[in-house]
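Engineer: Predicted model and sequence below, questions to follow.
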Amino acid sequence: MNWISKRLVLIIMVVFLVGCKKEVKICGKKDNRPNIIFLMDDQHRYNALGVLNSEIKTPTLDSLARNGVLFTQAVCQVPMCVPSRNSLMFGLLPNQTGVYRNAGGGVPDSLMPGKTMAQYFKDAGYETAGFGKAHWGKFKTNTRGFETRYVSEIPEKGAISMAEVNPEAKAKYDAEVAPMGPGEENNIGYLGFTSKLPEKDHRDGWITKQAINYLKKRNDERPLFFYLSYMKPHAGNNIPKGYEDLYNLDSITYVKQPQWSQDYSPHAAGDNRNDMYINFWKNASEKQWKLMTMRYYANVSWIDDMMGRVLAELRKKGLLENSIIIFTSDHGEMLGARYYRFNKYCLYDPSVRVPMILAGTALPKSVKRNTKNPELVENIDVLPTLLSVAGIKPDRELPGKSLVTPIQRNANFSELHERKGQAAFMWRTKDYKLILVLKRKNNVNDYSKDDIITGEFYDLKNDPNEWYDLYNTDKFSDIQKAFKNDLLDFLKSMKQ
């Protein structure tokens, strides 16, 4: 057993030893509200969890799932960073935030559509501490409710950044990933390599160190809202030494390809470097495919290990004795599926679905632990869930639902606005998926059947890879019609 494996075992042993709920006095009264631990990473494939795929080593997240609820049908609102994270943190749909794309996306502090998650908890008397990626968009924002704020990459006014306090380490990291191109997402970024840098010189390693140092020094009696958000396992796959050793390259399986001669993705054809990926990966060797997949998994294991270390420190401080813990990601990862697709700018399942886990000692008794919940949940459900368990009323009506009560949602909704003059919307159950491409309207309530340009329809039960488009086929005409009507009705009912 190597040093990483031993540390993972220790983390599992300490994270969920449950004691009595900690009571805090504020103004002479006991404050029994739970600490809120919000864990997040970037571009985490929905099934890249050990509890769902035995190839993958994620003991921390597996432990959370076994002590809580794993939602197996969770989706993001938009499969890209900026709009997805704005929706999650404001608890609003893109038509309510006004943020639809990465390019040029975001809102300035003066035009925010509502309170952020951190602001809600700060205003309610919580201590708020945030570590890692937020990615609000093109505007340099303030910390938006965080009293303590550390960022590794994207600056915020009032935050402490890696570039400020560890400029040499940041420069070393930037130099190592320079060959990986913008966003570390070219083919070198995906194929990856073993990093020559120690963990502390990586952005996520630096964030982990700051979070643990903060917890060790923390001396605050208020309940805590703690936000920890990593930039990986988003490419590039330059993983610190040791994590690749958790995997046997020969046993790694990678995605299968459809028997196509060219890409077929009507709502997302040719978007975002797709030709670059196709031209490389359709000629890649089996070893390259295994290396790429293994390094993505190793990246996931590294993040899982760091989350475990932070949770262990939270436990040492007594902060897990009365807590709600939630984990999600901003979107998924195609990992080469569906004809060498590596960009996430599409509404196919590997991109739009996310892992989501709800755990903690303060979960209501009505929530059954160690379950895989197939309800249709979404990232906009995170904010109303956390507000409800803390007894905080939202300032405006939120479109999401609390995960501690039955969701009863008819279908999952997600959207994509990458193509000029067009908008693509998804209406998905665990068995079927409809994607409609419509002429883009300024007002979401104005969409009608007359705006439909094209569509896609998939029988997910029998075709989980989404290889066979059944749009406008006789066999599924009734189901497609019902999905189309429900989707258009949903758009018409959206509140601005």
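Structural biologist: That came through, no problem. Everything numeric in this text was worked out from a predicted model, so none of it was measured.

Engineer: How far does the lengthiest strand in the chain sit from its chain's centre?
Structural biologist: Ranked by number of residues, the top strand in the chain under DSSP state E is strand 224-233. With CA atoms, centre = their mean, to the nearest Å as the basis, strand 224-233 stands 10 Å off its chain's centre.

Engineer: now stretch 102-121
Structural biologist: 18 Å.

Engineer: just to revisit the earlier point, remind me what the longest strand of the chain packs against, helices and strands.
Structural biologist: strand 35-42, helix 117-123, strand 127-132, helix 203-217, helix 286-316 (3 or more CB pairs under 8 Å, 6 or more residues apart in numbering; DSSP states H and E). Using the backbone N, CA and C atoms, a C-beta is placed for each residue, glycine as well.

Engineer: Please render those as JSON lines that adds distance to I357 and mean neighbour count to the earlier fields.
Structural biologist: Shown next, in JSON lines, are those (distance: least, CB to CB, whole Å; neighbours: other CB atoms under 10 Å):
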{"stretch": "strand 35-42", "distance to I357": "8", "mean neighbour count": "25"}
{"stretch": "helix 117-123", "distance to I357": "17", "mean neighbour count": "22"}
{"stretch": "strand 127-132", "distance to I357": "18", "mean neighbour count": "24"}
{"stretch": "helix 203-217", "distance to I357": "19", "mean neighbour count": "19"}
{"stretch": "helix 286-316", "distance to I357": "11", "mean neighbour count": "22"}
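
Engineer: The ones you listed: which one's closest to R66?
Structural biologist: Evaluated over the helices and strands packed on strand 224-233, closeness to R66 peaks at helix 286-316, with 13.8 Å, by CB to CB.

Engineer: now for that closest one, which elements pack on it?
Structural biologist: Partner elements for helix 286-316 (3+ CB pairs under 8 Å, 6+ apart): helix 3-15, strand 35-42, helix 59-66, helix 187-191, helix 203-217, strand 224-233, strand 238-239, strand 323-329.

Engineer: Direction included, what does the second one pair against?
Structural biologist: With DSSP bridges as the test, strand 35-42 is paired with strand 224-233 (parallel), strand 323-329 (parallel).

Engineer: and stretch 343-352, average pLDDT?
Structural biologist: Stretch 343-352 comes out with an average pLDDT of 96.

Engineer: what does it contact?
Structural biologist: Contacts to stretch 343-352, defined as CB atoms under 8 Å, 6 or more residues apart in numbering, come from residues 43, 45-46, 75-76, 79-80, 185, 265, 267-268, 271-274, 277, 331-335, 337-338, 341, 414-416, 418, 424, 426, 428, 433, 435, 460, 464, 466.

Engineer: Just the ones of the residues you listed in strands?
Structural biologist: 414-416, 424, 426, 428, 433, 435.

Engineer: hang on, the earlier thing: as CSV, the helices and strands packed on helix 286-316 with mean pLDDT would be great.
Structural biologist: Below are those laid out as CSV (pLDDT from 0 to 100):
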stretch, mean pLDDT
helix 3-15, 55
strand 35-42, 98
helix 59-66, 98
helix 187-191, 98
helix 203-217, 98
strand 224-233, 98
strand 238-239, 98
strand 323-329, 98
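
Engineer: I'd like to know which of those is closest to A129.
Structural biologist: strand 224-233 (5.4 Å).

Engineer: List the buried residues in the closest one.
Structural biologist: Buried residues in strand 224-233, counted by 16 or more other CB atoms under 10 Å: 224-233.

Engineer: Quick check: the two most widely separated of these?
Structural biologist: L224 and P233 (26.2 Å).

Engineer: Can you report how many residues lie near the closest residue to R440 other than its chain neighbours?
Structural biologist: Nearest non-adjacent residue to R440, counting by CB to CB, 6 or more residues apart in numbering: A423, 4.5 Å away. Residues lying near A423 (other CB atoms under 10 Å) number 23.

Engineer: same thing with K461?
Structural biologist: 10.

Engineer: Is it in contact with T429, as I believe?
Structural biologist: No: using CB atoms under 8 Å, K461 makes no contact with T429, being 9.5 Å away.
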